[in-house]
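Engineer: Okay, sequence plus prediction incoming.
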Amino acid sequence: MINQGNSVTTGSSVLTPDDGVPAHDSTQLFKLSSVLNGLEGGAQMMQRQLQEAVRAVADGTYRVDTIILSRRIVGEALRTV
């Protein structure tokens, strides 16, 4: 362990006096936080779309685009062959 001014080096990581977490771990935690925030945003968007679809079905206004559906069915069939 080497004391470098306001930080302490332990092996290959630098401990900051503020949080006591190695700098490398802080970077990894920051990246993980960013990924999780992105997933949360995506989940919220999917939830809104699902709620809109539920309302449309309940109102009787939901319409299936038959061309898009047909293309997806064919595309999935070709991908699994």
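Structural biologist: Nice, I can see it. Numbers count the residues shown, from 1 in each chain.

Engineer: going forward, measure contacts and count neighbours with C-alpha atoms only.
Structural biologist: Fine.

Engineer: Tell me, how many residues neighbour Ala56?
Structural biologist: Using other CA atoms under 10 Å, Ala56 has 13 other residues around it.

Engineer: Could you give me the buried positions within the helix or strand harbouring it?
Structural biologist: Secondary structure from DSSP states H and E places Ala56 in helix 23-59. Taking 16 or more other CA atoms under 10 Å as the basis for neighbour counts, the residues of helix 23-59 that come out buried are 23, 26.

Engineer: what helices or strands is it leaning on?
Structural biologist: With contacts defined as 3 or more CA pairs under 8 Å, 6 or more residues apart in numbering; DSSP states H and E, helix 23-59 has these neighbours: strand 13-15.

Engineer: Give me the number of neighbouring residues for Tyr62.
Structural biologist: 13.

Engineer: tell me the secondary structure for it?
Structural biologist: Under the three-state scheme (DSSP: H, G, I helix; E, B strand; the rest coil), the conformation of Tyr62 reads as coil.

Engineer: from what I can see it touches Glu52, true?
Structural biologist: No: Tyr62 is beyond contact range of Glu52, at 9.5 Å (criterion: CA atoms under 8 Å).

Engineer: quick one: low-confidence parts of this structure?
Structural biologist: By pLDDT under 70, the weakly predicted segments of the chain are 1-21, 81.
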